[in-house]
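Participant: Coordinates for the following, if possible.
(one chain, ligands or ions: 2)
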Amino acid sequence: MTDVLRINDLVVEYTTQRGVARAVDRVILSLPENRTLGLAGESGCGKSTLGRAIMQLVPYPGRIVSGEITLNIDHDQVWKKGTIPKGDVPILDMTEDQMRSLRGSEIAYIFQDPMTSLNPMLSIGKHFVQMQQAHNPDIEEAEAIERATEVLEALGILAERVNDYPHQFSGGMRQRVMIGLGLVLRPRLLISDEPTTSLDVIVEAQILEEIQELKDMFNLTMILITHNLGVLAQTADDVAIMYAGRMAEIDTTETLFDNPQHPYTQALLQCVPDVTKPEKQLAWIPGAPPDLVDPPMGCMYHPRCPFAMDICKAEQPSLLESDTGGLVACHLYGRK
Ligand SMILES: Nc1ncnc2c1ncn2[C@@H]1O[C@H](COP(=O)(O)OP(=O)(O)OP(=O)(O)O)[C@@H](O)[C@H]1O
Ligand SMILES: [Mg+2]
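Facilitator: Ligands and ions are numbered 1, 2, ... in the order given. Just a heads-up that it's a prediction; the model follows:
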């Protein structure tokens, strides 16, 4: 099967007054067509930075230091000065103009806060028209609106509401509009960064189901970023767990939940409430993630790991195949 996305040894750093923080540290990832990868891990572990790097949208003072990101596109992409031929596109070699053409049409990114991403002065329909005309100046307004209503209706928003303004929509509706804007150009890869975090659980469940339906309808490959493991259990095919900028473990969702290999994954799963076992004490992970400006030697997780050995304090574990067929970066498992 084709990999829609491949990431190799990606390093992203933020240069701050305190020093350099490596937010993404030699990340390796491949994402086969039509699969949904859930990206999870504690706050600050680099999920959004990784997602943004794929779009070449790492905010200042961050920069992509090294590595490769390859996106597979299934048709030629026309931009203002030429054509990007279909096949594997080396994202980090693209100019800003080429990236602008790929963003939206091939890779879409849904941000967490829909209100700050919508213009209060523009109707919902106008957002869709501008989005499509930015990529295809010849498209007529009527056609752009027709495409918008098709996507919006799939998300449960009536066609007549395209004339309304963002403030006339509820939080859940606005997030649906953002998802619609992300999908209207039929991208190959959709990255959604905590798309439902600010919503109540009922709306969250509805939207996640709608995203699943749209994924099938539009033949999407997806990265779903969240720190809610319950959400991933329902929606992701595979899960990647990040810790302090590094990949700790990657496996199919089922295997990762049934048989987690990395002590960090095990600890994270202990923290998920289980309604069927109300007597179970909710665990937490002692300590805090490391300071990325001054990280510990060896495995980043060793100061919090109950199984830490001498080697863990000295040597970084590589991401190797685990017993379950996934990948794990842990001295306990990776070297069996
Ligand atoms: N603009 C910035 N300037 C300096 N450091 C930053 C900046 N943005 C992120 N970082 C640092 O990079 C690291 C990764 O941040 P990132 O936002 O990617 O994490 P995250 O996993 O998405 O967290 P969350 O779950 O809270 O969204 C953090 O330690 C953060 O402090
Ligand atoms: Mg984030």
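Participant: give me the residue from the stretch 151-300 of the chain nearest ligand 1.
Facilitator: When scored by C-beta to the nearest ligand atom, the stretch 151-300 of the chain has residue 292 as its residue closest to ligand 1, at 4.8 Å. Every residue, glycine included, has its C-beta placed from N, CA and C.
Participant: Distance of the residue lying closest to residue 283 once chain neighbours are set aside relative to residue 44?
Facilitator: Distances taken as C-beta to C-beta, 6 or more residues apart in numbering place residue 270 nearest to residue 283, at 3.9 Å, with adjacent residues excluded. Here residue 270 is placed at a distance of 20 Å from residue 44 (C-beta to C-beta, to the nearest Å).
Participant: And for residue 181?
Facilitator: 28 Å.
Participant: now do residue 21
Facilitator: 10 Å.
Participant: quick one: which of the two has more around it?
Facilitator: residue 21 (21 against 17; other C-beta atoms under 10 Å).
Participant: Helices of this structure, residue ranges please.
Facilitator: Secondary structure of the chain (DSSP state H): helices at 47-54, 96-102, 114-117, 124-135, 141-154, 171-183, 201-218, 229-235, 253-258, 263-270, 310-314.
Participant: which of these has the lowest average pLDDT?
Facilitator: Comparing mean pLDDT over these, the weakest stretch is helix 114-117, at a mean of 71.
Participant: any chance of the helices of the chain in a markdown table, plus distance to residue 74?
Facilitator: Converted to a markdown table, the helices of the chain look like this (distance: least, C-beta to C-beta, whole Å):
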| stretch | distance to residue 74 |
| --- | --- |
| helix 47-54 | 17 |
| helix 96-102 | 13 |
| helix 114-117 | 27 |
| helix 124-135 | 16 |
| helix 141-154 | 19 |
| helix 171-183 | 16 |
| helix 201-218 | 13 |
| helix 229-235 | 24 |
| helix 253-258 | 26 |
| helix 263-270 | 33 |
| helix 310-314 | 43 |
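Participant: Can you tell me how far residue 147 is from residue 140?
Facilitator: As judged by C-beta to C-beta, residue 147 and residue 140 stand 11 Å apart.
Participant: Residue 14 too?
Facilitator: Distance from residue 14 to residue 140, by C-beta to C-beta: 43 Å.
Participant: Which one's more surrounded, those two?
Facilitator: Neighbours were counted for residue 14 and for residue 140 using other C-beta under 10 Å; residue 14 has more, 19 against 11.
Participant: got a list of what the more buried one touches?
Facilitator: The contact partners of residue 14, by C-beta atoms under 8 Å, 6 or more residues apart in numbering, come to 20-21, 23, 49, 61-62.
Participant: among those, which are in reach of ligand 1?
Facilitator: By C-beta under 6 Å from any ligand atom, the members of these lying near ligand 1 are 21, 23, 49, 61-62.
Participant: So which of those wins on neighbours?
Facilitator: Neighbour count (other C-beta under 10 Å) singles out residue 49 as the most crowded of the ones next to ligand 1 among the contacts of residue 14, with 24 neighbours.
Participant: Please state the offset of stretch 247-255 from the chain centre?
Facilitator: 15 Å (C-alpha atoms, centre = their mean, to the nearest Å).
Participant: repeat for stretch 147-156
Facilitator: 23 Å.
Participant: Check stretch 112-130 too.
Facilitator: 21 Å.
Participant: same deal with stretch 210-226?
Facilitator: 12 Å.
Participant: which residues touch it?
Facilitator: 4-5, 31-40, 47-48, 51, 54, 151, 154-156, 176, 179, 183, 186-197, 231-232, 235-236.
Participant: Just the endpoints, please. Distance across it?
Facilitator: Stretch 210-226 has an end-to-end distance of 17 Å (C-alpha to C-alpha, to the nearest Å).
Participant: Show me what from this structure comes close to ligand 1.
Facilitator: 14, 16, 21, 23, 41, 43-49, 59, 61-62, 227, 292.
Participant: Try it again at 8 Å.
Facilitator: Applying C-beta under 8 Å from any ligand atom, one finds that the chain approaches ligand 1 through 14, 16, 21, 23-24, 41-52, 59-62, 112, 193-194, 225, 227, 242, 245, 289, 292.
Participant: Among the residues you listed, name the ones in strands.
Facilitator: In strands, defined here by DSSP state E, the members of these are 14, 16, 21, 23-24, 62, 193, 225, 242.
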